[in-house]
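[1] Build me a model from this:
(one chain, ligands or ions: 3)
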Amino acid sequence: MLRELLFVTFLHLGSCSVDGFQKFGTQIGQAPLLERFFWRTMDFAYPDEGSRKLAMMKGDYVPENALPVGIEIWRNKLFVTIPRWRNGIPATLNYISLDANRGGSPKLTPYPNWAQNKAGACGSAITTAYRIHADVCDRLWVLDTGTIGIGNTTIQACPYTLNVFDLTTDKILRQYRLKAEDINMNTFIANIAVDLGKGGCEDAFAYMSDELGYGLIVYSWEQNKSWRITHSYFMPDPLAGDYNIGGLNFQWGEEGIFGMSLSPISVSGYRTLFFHPLSSRREFAVSTRILRDEKLSQDSYHEFQVLSERGQLGHCTASVMDENGLQFFNLIDQNAVGCWNSALPYAPENHAVIARHDEAMIFPADVKVNRGMLWIMSDRMPVFLLSTLNYSDVNFRVLTVPVRDAIAGTVCESSPWAVLPCCGSNEVRSRGWQRLQVSL
Ligand SMILES: *[C@@H]1O[C@H](CO)[C@@H](O)[C@H](O)[C@H]1NC(C)=O
Ligand SMILES: *[C@@H]1O[C@H](CO)[C@@H](O)[C@H](O)[C@H]1NC(C)=O
Ligand SMILES: *[C@@H]1O[C@H](CO)[C@@H](O)[C@H](O)[C@H]1NC(C)=O
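    Ligands and ions are numbered 1, 2, ... in the order given. From the prediction side, this is the model:
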């Protein structure tokens, strides 16, 4: 059980200030979890105070309505997305310059500009972005859901459109509208995974998880084509719909496939996609060999694998896997982030909690790894949606910790090849999830 591995305890967050950063002390690792940025409400970098005031007067900017949900890091930019769930969100896709901002509560700069963040400007702007992905080919993958509102207030202002930016020029490289057959009446897509294959930058696929419509939409960059996959593993576990987070009890029973992470390319030449429904404690896996092949993907029920349950407090939002096969996943019931070294079987005894904080990490909504650094965004989302945030308090945070320090002393640090049982020479490099049949 994850909780039994929980030898991580944090000092209280009153905290000292080092180099202008507020620090959280932890007893694990050499470096503490660092609170890089924090906000009571999100603010935007208007050209001047006059235009900011005017936007507030006109209701174009309502500070209390902005909830950040996604982050991504590329070079000196930290991207932050804000869905248009309520009115007064001036920009959904934004960034912070990491050169100009070393801490504090920086204002968000719309990316690539204000005009391309205009709500409902179909084809020329992004209306709502959730999780986004920057690939190693300097492209930013942004799915615009085209929606304004949340739940029963949702208006589909524009069609679901995948936008791919060239981060070096800030120009759009590709715009692709999902086809009518890719979505259904319940579709709600808040996550994207991007799979670069052996063929490099052109050999790219995007996987988009349909959380409420229970599907996975695949987009092939080379073929400029999309298809939808369905599987019962995309559905929520009816026994896992009850949540206790941030002092609230609520039911999100309908939440299906949500977080996804991709393994490194294995000897087979393909990655493995790991995924989990939000209302579930299970992880599932499938080879991208199946997903990438439109025909194969339609008739491969048994190619999808079931992994162990994470344990009672195992609800998970976003997850990510680094180039060494280390997976990090947000444990929203525990105000924590967990890790799994995929050289080991996916089992609770091979999971560890690497960061936990009962105030600073209420609802970790996104997690990323960039150049050996783990980045976590927490946003108290259930309080925002079901109650009211206290805007005198810090509500949103971006926290960082070096991966090496985060996993130090945990099961995730295990040297992959030393712990593998002896096996045939062609299996020597086989990793934990590929030995599932054996380890289950
Ligand atoms: C929309 O949902 C909210 C909360 O779930 C509920 O209180 C409200 O009555 C619903 N409105 C309509 C028009 O269904
Ligand atoms: C991709 O396909 C869409 C139609 O689905 C088309 O409008 C667009 O021009 C195509 N893009 C490229 C780069 O081929
Ligand atoms: C709101 O947050 C502030 C700052 O943390 C705190 O002093 C205050 O007691 C909180 N108010 C409520 C109603 O919880």
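[2] Please make it C-alpha for all contacts and neighbour counts, starting now.
    Fine.
[3] how about residue 406, secondary structure?
    Following DSSP: H, G, I helix; E, B strand; the rest coil, the label given to residue 406 is helix.
[4] and residue 239, that's in a strand?
    No: applying three-state DSSP, one finds residue 239 to be helix, outside a strand.
[5] where's it relative to residue 297, distance?
    28 Å (CA to CA, to the nearest Å).
[6] Those two - which one has more neighbours?
    Taking neighbours as other CA atoms under 10 Å, residue 239 and residue 297 compare with residue 297 leading, 20 against 10.
[7] Do you know the pLDDT at the more buried one?
    Listed pLDDT for residue 297 reads 98.
[8] Surely residue 316 and residue 335 touch.
    No: contact criterion CA atoms under 8 Å: residue 316 and residue 335 do not qualify, at 10.5 Å.
[9] which of the two has more neighbours?
    The neighbour count for residue 316 versus residue 335, taken as other CA under 10 Å, is higher for residue 316 (29 against 21).
[10] quick one: contacts for that one?
    By CA atoms under 8 Å, 6 or more residues apart in numbering, residue 316 lies in contact with 259, 276, 278, 280, 281, 329, 330, 331, 332.
[11] and the fourth one, how many residues sit next to it?
    The local packing count at residue 280 equals 27, with neighbours defined by other CA under 10 Å.
[12] does it sit in a helix, a strand or a coil?
    coil.
[13] what's the answer for the second one, then?
    Three states are possible here, and by three-state DSSP the one that applies to residue 276 is strand.
[14] To what extent is the closest residue in space to it that isn't next to it in sequence buried, counted in neighbours?
    Counting by CA to CA, 6 or more residues apart in numbering, residue 283 is the residue found nearest to residue 276 once chain neighbours are left out, at 4.9 Å. Using other CA under 10 Å, residue 283 has 22 other residues around it.
[15] Next to ligand 3, which bits of the chain? Give me the list.
    Counting by CA under 6 Å from any ligand atom, the chain comes close to ligand 3 at 390, 392, 393.
[16] isn't the last one right next to residue 40, touching?
    Right, residue 393. Yes: counting by CA under 8 Å, residue 393 touches residue 40, with 5.7 Å between them.
[17] Give me the more crowded residue out of these two.
    Higher neighbour count among residue 393 and residue 40: residue 40, with 17 against 10, using other CA under 10 Å.
[18] so the residue nearest to residue 276 is in which element?
    Applying DSSP states H and E as the criterion places residue 283 in strand 282-287.
[19] Work out the gap between that strand and the centre of the chain.
    Counting by CA atoms, centre = their mean, to the nearest Å, strand 282-287 is centred 16 Å from the centre of its parent chain.
[20] How about stretch 163-178?
    20 Å.
[21] mean confidence score for it?
    Mean pLDDT, computed over stretch 163-178, is 98.
[22] So what touches it?
    112, 138-144, 159-162, 224, 226.
[23] Kindly confirm my reading that residue 207 is in a helix.
    No: membership of residue 207 in a helix is not supported by three-state DSSP, which gives strand.
[24] check contacts around it.
    So residue 207 contacts 192, 193, 194, 195, 216, 217, 218, 219 (CA under 8 Å, 6+ apart).
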